[in-house]
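**Q** Just need the structure, nothing else, for what follows:
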Amino acid sequence: MVSELMTSFASRRPVNYKETFAAIWWPERWDEVDLGQGYHTNMYRGLNEGAKLHGRKFDHIVMTKDMAPNVINRILRARNIQGVILTPPITANEKTPELDWENLSATIIGTALRHPNFHRAQASHYNVMVKALAMAHRHRYKRPCLLLHDDIDCRTNRAYTAAFMAWGHSRKYIWKANSHLSNGLPKWLNTVKPDVIIADWEIWYEYLPEEYQNCGFITLSLRSNDSPITGIYQNIANIAKCAVDLLVRSRIQHECGEPDDPVLMLTTGTWVHGTTLKLSGDPLIAEDHFADL
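**A** Here you go, the predicted structure:
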């Protein structure tokens with residue numbers, strides 16, 4: 001009882017301030033932080049909450065035209081900031097800013113920035129897809145198809161595609177396009193005749209032909225955990241907190257520059273029962289390759 005009481009006291013004690021980190025933002029993402037809700041706001045909140053848990057705080061720096069890498073380097077040196085988190089860019093073809101990485105500890109959120117290969121926190125896109133397939137199978141859906149945006153497919157290192165095909169589904173049931181507005185989608189759906197549609201993002205649901213909005217629909221990335229759409233909430237705030245954990249680890253170990261053995265911290269997201277998937281009253285028992293879920 002004494003041990004439990006002392007632990008309770010310790011958990012309530014505020015963590016003393018230790019140092020300031022920098023979060024580097026692309027302008028397009030930063031512009032939506034002030035919306036009060038959504039992906040960017042949640043990432044911002046997760047970073048700040050994660051820092052507070054470790055006695056740190058963040059200076060948020062936006063890479064505007066006036067904030068060239070050499071300017072950011074001067075700011076970091078002037079403020080004695082040695083820990084940096086890179087937030088994800090809008091597209092997968094952006095390059096990592098050329099900061100003085102050899103003298104910085106760095107962590108990346110997401111998969112878009114590949115080089116240098118720092119520690120990173122991200123959703124486990126492969127396991128997210130497996131979770132979606134398992135739920136579809138459990139509720140007796142047998143003909144899934146997958147809708148993917150080209151940039152998302154690239155950004156996730158083809159993980160969604162790999163998981164979909166690894167569990168026995170043909171490539172011909174994968175639709176990839178560079179826009180959600182595609183004239184060929186209705187014809188393709190009529191050809192493959194799915195009983196459940198799995199999509200990388202919930203916005204696909206808005207562009208489905210009306211007759212397919214009554215089909216089962218699962219999204220791999222929900223905007224919020226109270227969405228009416230069925231799917232997986234990847235929780236960017238939690239991923240951001242994981243990135244802070246990794247950065248604190250690097251600072252404690254005095255790591256600077258690109259690590260020899262980067263740590264990858266993965267989250268699997270939360271399943272949300274929306275209204276776009278009819279749940280079978282007699283769900284199937286998962287097969288062996290779904291058993292771990």
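**Q** which SSE is the closest residue to residue 34 other than its chain neighbours in?
**A** Take residue 34 and drop its neighbours on the chain: the residue closest to it by Cβ to Cβ, 6 or more residues apart in numbering is residue 41, 7.7 Å away. Where C-beta positions appear, they are placed from N, C-alpha and C, glycine not excepted. Assigned by DSSP states H and E, residue 41 belongs to helix 39-53.
**Q** The helix or strand just after that helix - contacts with which helices or strands?
**A** Remark: after helix 39-53, the chain's next helix or strand is strand 56-62, criterion DSSP H and E. Contact analysis of strand 56-62 by 3 or more Cβ pairs under 8 Å, 6 or more residues apart in numbering; DSSP states H and E lists strand 19-25, helix 27-30, helix 39-53 as its packing neighbours.
**Q** now the strands for this protein?
**A** Taking DSSP state E as the test, the strands found in the chain are 19-25, 56-62, 83-86, 105-109, 119-123, 144-149, 174-177, 196-199, 216-219, 231-233, 264-267, 270-272.
**Q** what's the angle between the longest helix belonging to the chain and strand 119-123?
**A** When the chain is parsed with DSSP state H, its longest helix is helix 236-252. Angle, helix 236-252 to strand 119-123, by axes from the mean of the first three to the mean of the last three Cα atoms, to 10 degrees: 160 degrees.
**Q** hmm, who's touching helix 236-252?
**A** Outside helix 236-252, the residues that touch it by Cβ atoms under 8 Å, 6 or more residues apart in numbering are 19, 21, 39, 42-47, 49-51, 53-54, 56, 82-85, 105-110, 119-123, 259, 263, 265, 267.
**Q** buried set for that helix?
**A** Using 16 or more other Cβ atoms under 10 Å as the test for burial, helix 236-252 gives 236-251.
**Q** cool, and stretch 220-228?
**A** In stretch 220-228, counting by 16+ other Cβ under 10 Å, buried: 220, 221, 222, 223, 227.
**Q** which residues are in contact with it?
**A** 37-39, 123, 125, 128-129, 132, 160, 198-202, 229, 231-235, 270, 272, 274-276.
**Q** beta partners for the residue nearest the centre of the chain?
**A** Central residue of the chain (Cα atoms, centre = their mean): residue 123, 4.5 Å from the mean position. Beta bridges link residue 123 to residue 267 when assigned by DSSP bridges.
**Q** Do I have it right that it meets residue 269?
**A** Yes. Using Cβ atoms under 8 Å, residue 123 is in contact with residue 269, at 6.0 Å.
**Q** Find residues that contact each of these two.
**A** residue 234.
**Q** next one: the longest helix of the chain to chain centre, how far?
**A** A distance of 14 Å separates the C-alpha centroid of helix 236-252 from that of its chain, computed with Cα atoms, centre = their mean, to the nearest Å.
**Q** Let me see the mean pLDDT of it.
**A** Per-residue pLDDT over helix 236-252 has a mean of 97.
**Q** The residue nearest to residue 34 reaches residue 30, doesn't it?
**A** No. Counting by Cβ under 8 Å, residue 41 does not reach residue 30; the two are 10.8 Å apart.
**Q** Give me the more crowded residue out of the two.
**A** Per other Cβ atoms under 10 Å, whichever of residue 41 and residue 30 has more neighbours is residue 30, with 19 against 16.
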